[in-house]
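Colleague: Structure for the following, please:
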Amino acid sequence: MEFVRSIYFTRRWWLAIGSVVVCFVLGHFYELCFTLAQLGLLAMVLLLALDLYLLHQKRQGIIARRETPERLSNGDENTICLLLENCYTFPVALHIIDEIPQQFQLRDFALDFTLAPGEKQTASYALRPVVRGEYHFGCLNVYVAGPINLVQRRYRLEQDAMVPVYPSFLQMRRYELLAISNRLTEVGLKKVRRLGHTMEFDRIRAYVDGDDYRTMNWKATARRTELMVNSFQDEKAQQVYCAIDMGRVMKAPFAGMSLLDYAINAALVIANIAIRKQDKAGLITFSHQLEALLPADGRHTQMGRIMDVLYNQSTLYLESGYEQLHAAVFRHIKQRSLIILYTNFETLSGLTRQLPYLRRLARRHLLVIVFFQNTELHSLLEQSAATTEEIYIKTVAEQLDFEKRQIVKELERYGMHPVLTTPQGLTVAAINKYLELKARNLI
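Modeller: Model prediction:
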């Protein structure tokens, strides 16, 4: 029974069968066609038997294995490798159907390869998950056709595997490498002019062109008989908290991902850069209640803890409870800290309801509020309006766009630092604001 299940007839077989049937039909009128049909049927049976023998002469003619990363990066292209080996003594054509996780909704995913006798080959394909969680791979189905190519033998390799999808650690590593090599401007990060300097002394060193003459150390200059300056460094061990709103407003989709996932990816990058800057990174997530609070820490093991917390965070489609956020910050964060709040306000009235809690937070901490532009509105604003309906739609779009700008002014009026950005520009905008605040010595 297993032998029968592993056999699949190819297109060449069905074309040959069709030709023989046509010859038999014509044989009713022409005797020569009937003779050709008989010979053709006999040849097909012999070739079929030979093809079956060649494909089944070995118990394991094809070796195939799927290699997946330990975890996938959300919102990024992740490479899945296939290791293939032909154990037959003749070339084969492979048709591979990998049972990829149902979250991708790819029903026609297949790969085709040709392997010479004894050849080993490594193939790969890319998957881009847009939702965090567990992704289950099924079996690896390999259909093998020999040189005659009348039938295919199926190898069903049991390779069930679960791979977790974490927040975008690939994006985090990319920004980390750019920061180490001082190439952040390549991805749109601004060079911020430092206003003054911090008073955290580092060392005394020799003067070089471009040093601020106000930092000259005249006593050391007199002792060394060469110009010496005091070197200062950025203040360290400052607390940076990423507060992520997981209410219903963050479930809005953009390019396949929710705003919540964009915020989570950006928070991961900011936390990593803060630790690289020798600050302490912490995390707060909240919806109608406090979901998670991870105290700020500057050790590199903190990134693993942050990633584990963010892995399972999801929205409950309820209204966000900013009173819970304020209570948690008041109770657990005693030191003045930078709090980067990722949320979304569509209307000025929506901000007004939460403004009392935000103002209390801003009195004790440096509060940055990151919210999103509605990119669909911008496309509507750029279109010309001809009909009454189009004029009405454009008027509403202009009103909503105006309210976004009013929200920015309202937040600035109470000493907060708003960042209005598109979802795809969120990470760069957040890093720019963090580096700007560091340069201005506000934290």
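Colleague: mind listing the strands for the stretch 251-400 of the chain?
Modeller: For the stretch 251-400 of the chain, the strands defined by DSSP state E, counting those that start in this stretch cover 253-254, 257-258, 280-286, 290-297, 338-342, 366-372.
Colleague: Tell me which residue is most central in this protein.
Modeller: The C-alpha lying nearest the average C-alpha coordinate of the chain belongs to G75 (CA atoms, centre = their mean; 2.1 Å).
Colleague: Next up, the contacts around that residue.
Modeller: Contacts of G75 were listed using CB atoms under 8 Å, 6 or more residues apart in numbering, and they are R128, P129, V130, S168, Q171, M257, D261, Y262, N265. For every residue, glycine as well, the C-beta is placed using N, CA and C.
Colleague: Likewise for V309?
Modeller: L283, T285, A292, L294.
Colleague: if I read this right, the second one contacts M246, doesn't it?
Modeller: Yes: using CB atoms under 8 Å as the test, T285 is close enough to M246 to be in contact (5.6 Å).
Colleague: Now for those two: what residues contact both?
Modeller: With contacts defined as CB under 8 Å, 6+ apart, the residues shared by T285 and M246 are E291, Q313.
Colleague: of all the strands of the stretch 251-400 of the chain, which lies closest to L47?
Modeller: The closest of those to L47 is strand 257-258. By CB to CB, the value is 52.2 Å.
Colleague: partner strands of that closest one, parallel or antiparallel?
Modeller: For strand 257-258, the paired strands and their directions (DSSP bridges) read strand 253-254 (antiparallel).
Colleague: which secondary structure element contains T221?
Modeller: For T221, the enclosing helix or strand under DSSP states H and E is helix 218-224.
Colleague: And the helices in the chain?
Modeller: Using DSSP state H, the helices assigned to the chain run over residues 2-5, 11-27, 31-56, 169-180, 218-224, 259-276, 301-311, 322-332, 348-364, 375-382, 388-413, 426-439.
Colleague: which of those helices is buried the deepest?
Modeller: Among the helices of the chain, judged by mean count of other CB atoms under 10 Å, the one packed with the most neighbours on average is helix 259-276 (a mean of 25).
Colleague: mind checking how far it is from the chain centre?
Modeller: 12 Å (CA atoms, centre = their mean, to the nearest Å).
Colleague: Quick one: list the elements packing against it.
Modeller: helix 169-180, strand 239-245, strand 280-286, helix 301-311, strand 338-342, strand 366-372, helix 426-439 (3 or more CB pairs under 8 Å, 6 or more residues apart in numbering; DSSP states H and E).
Colleague: which stretch among these comes nearest V163?
Modeller: In terms of CB to CB, the element of the helices and strands packed on helix 259-276 nearest to V163 is helix 301-311, at 12.4 Å.
Colleague: what does the average pLDDT come to for the closest one?
Modeller: Taken as a whole, helix 301-311 has a mean pLDDT of 90.
Colleague: Next, the angle from it to strand 280-286.
Modeller: Interaxial angle, helix 301-311 versus strand 280-286 (axes from the mean of the first three to the mean of the last three CA atoms, to 10 degrees): 10 degrees.
Colleague: between helix 301-311 and strand 239-245, how big is the angle?
Modeller: Relative orientation of helix 301-311 with respect to strand 239-245: 10 degrees, computed using the same axes, to 10 degrees.
Colleague: remind me which residues of the stretch 251-400 of the chain are low pLDDT?
Modeller: Along the stretch 251-400 of the chain, segments meeting pLDDT under 70 are nowhere present.
Colleague: quick one: low-confidence ranges for the stretch 51-200 of the chain?
Modeller: 177-200.
Colleague: in it, which spans are strands?
Modeller: When secondary structure is read from DSSP E, counting those that start in this stretch, the stretch 51-200 of the chain shows strands at 62-67, 72-73, 78-86, 92-98, 111-115, 120-127, 133-137, 140-145, 151-157, 161-166, 200-206.
Colleague: If you count contacts, what does the longest one end up packed against?
Modeller: Okay, so that is strand 78-86. Counting contacts by 3+ CB pairs under 8 Å, 6+ apart, strand 78-86 is packed against strand 62-67, strand 92-98, strand 111-115, strand 120-127.
Colleague: strand partners of that strand, parallel vs antiparallel please.
Modeller: Strand 78-86 pairs in its sheet with strand 62-67 (antiparallel), strand 120-127 (antiparallel), by DSSP bridges.
Colleague: Out of these, which is the most enclosed?
Modeller: Greatest average neighbour count among those goes to strand 62-67 (a mean of 16), per mean count of other CB under 10 Å.
Colleague: Taking their axis directions, that strand and helix 31-56 sit at what angle?
Modeller: Going by the same axes, to 10 degrees, strand 62-67 is angled at 60 degrees with respect to helix 31-56.
Colleague: roughly how far out does strand 62-67 sit from the chain middle?
Modeller: On the basis of CA atoms, centre = their mean, the separation between the geometric centre of strand 62-67 and that of its chain is 27 Å.
Colleague: Now it - C-alpha only, PDB.
Modeller: The C-alpha coordinates for strand 62-67 follow below in PDB (Å, rounded to 0.1, in the frame of the first residue of the first chain):
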ATOM      1  CA  ILE A  62      17.100  10.900  -2.000                       C
ATOM      2  CA  ILE A  63      18.400  12.500   1.200                       C
ATOM      3  CA  ALA A  64      16.800  15.800   2.100                       C
ATOM      4  CA  ARG A  65      16.900  17.800   5.200                       C
ATOM      5  CA  ARG A  66      15.400  21.200   6.200                       C
ATOM      6  CA  GLU A  67      17.500  23.500   8.400                       C
END
